[in-house]
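In: how does the following fold in three dimensions:
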Amino acid sequence: MAAALRIAGLKKSFGGLPAIADVTLEVAEGERRLIIGPNGAGKTTLFNLLTGDLSRDAGSITLFGEEVARLSTWRRCHRGLARTYQIITLFPKDTLEHNVALSLLGLSRRRWSMFGRLPASFYADAREVLARVGLEKVASRPIAEVAYGEKRRVEIAMALAQKPRVLLLDEPLAGLSREERGQLKSLIAGIPRETTVVMIEHDMDTALDLADRITVLHYGRVIVEGTRAEVVADPKTREVYLGH
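Out: The predicted structure is shown next:
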């Protein structure tokens, strides 16, 4: 199977200390990859390098065979890359559908004011993707009036609205109740395989069943990679992640 995402020798340091140290990994098209590790392992830094929010010190990032490490975040999005963030950043006074419609501005080649009326097609697409995440009945509500778990789903809807080929999810289950985690896991599991999903999680147990393969990071390095059974059984995982 062809690679959707290939990283080779990726490095990033802050103040002389390595945050990402020679990371190399490959994610196949349609794969569900889980990236886990303790706090400070470099998981979010890795995502920031993939999206261009941070510049790399060394290494390559290849998206569907194209080297993209020198491209802007905008151009990477146009090649099919989308992501969510640990910290939700939405416009609380605007409706759910308007927040999702705004996410399409960055991909549009037409110029629109985010404070004016967006094209009707943007809102149609927004309502369609909100239905996919189970929020069609509250699409016209302001963000401030919905629960935290629903805001998480709005953020995923914003990413899905961009029709990504590779979707990066940064701790989407963080802060959710057990019921909300179950709902969001079902949502993620239902994303068509035409979209490759790479997901960061701090709590390994909550997301293991979503992954085809798992990568364990520790101090910015890949220390274990494999199937769920292989990663759970590896002594290095138990030592640095499970604490025994």
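In: contacts and neighbour counts: CA atoms only from here.
Out: Noted.
In: which helices and strands does the helix or strand harbouring Thr24 pack with?
Out: Per DSSP states H and E: Thr24 is located in strand 17-28. Under the contact criterion of 3 or more C-alpha pairs under 8 Å, 6 or more residues apart in numbering; DSSP states H and E, strand 17-28 touches strand 3-14, helix 43-51, strand 221-226.
In: OK, contacts around the closest residue to Gly42 other than its chain neighbours?
Out: Once flanking residues are discounted, Gly42 sits nearest to Gly220: 4.8 Å by C-alpha to C-alpha, 6 or more residues apart in numbering. Residues near Gly220 by C-alpha atoms under 8 Å, 6 or more residues apart in numbering: 18-21, 23, 41-43.
In: break this protein down into its domains, please.
Out: Domain ranges of the chain: 3-80+164-242, 90-151, per automatic domain parsing.
In: okay, those domains in CSV with distance to Ala157 next?
Out: Putting the domains of the chain into CSV (distance: least, C-alpha to C-alpha, whole Å) gives the following:
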stretch, distance to Ala157
domain 3-80+164-242, 10
domain 90-151, 6
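In: please identify which of those is closest to Met158.
Out: domain 90-151 (4.8 Å; C-alpha to C-alpha).
In: what's the weakest-modelled helix or strand in this structure?
Out: The helix or strand of the chain with the lowest confidence, counting by mean pLDDT, DSSP states H and E, is helix 204-207 at a mean of 74.
In: please point out which parts of it sit buried.
Out: 204, 207 (16 or more other C-alpha atoms under 10 Å).
In: tell me where the chain has strands.
Out: Under the criterion DSSP state E, the chain contains strands at 3-14, 17-28, 32-36, 58-63, 66-67, 81-83, 166-170, 196-201, 213-218, 221-226.
In: so can I have JSON lines of those strands showing distance to Thr73 and mean pLDDT?
Out: Shown next, in JSON lines, are the strands of the chain (distance: least, C-alpha to C-alpha, whole Å; pLDDT from 0 to 100):
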{"stretch": "strand 3-14", "distance to Thr73": "15", "mean pLDDT": "97"}
{"stretch": "strand 17-28", "distance to Thr73": "19", "mean pLDDT": "96"}
{"stretch": "strand 32-36", "distance to Thr73": "21", "mean pLDDT": "95"}
{"stretch": "strand 58-63", "distance to Thr73": "13", "mean pLDDT": "98"}
{"stretch": "strand 66-67", "distance to Thr73": "13", "mean pLDDT": "97"}
{"stretch": "strand 81-83", "distance to Thr73": "9", "mean pLDDT": "96"}
{"stretch": "strand 166-170", "distance to Thr73": "13", "mean pLDDT": "97"}
{"stretch": "strand 196-201", "distance to Thr73": "17", "mean pLDDT": "95"}
{"stretch": "strand 213-218", "distance to Thr73": "24", "mean pLDDT": "95"}
{"stretch": "strand 221-226", "distance to Thr73": "24", "mean pLDDT": "96"}
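In: quick check: which of those strands is nearest to Ser140?
Out: Among the strands of the chain, strand 81-83 comes nearest to Ser140, with 23.7 Å by C-alpha to C-alpha.
In: give the other helices and strands that that closest one contacts.
Out: Using 3+ C-alpha pairs under 8 Å, 6+ apart, strand 81-83 sits against helix 43-51, helix 148-160, strand 166-170.
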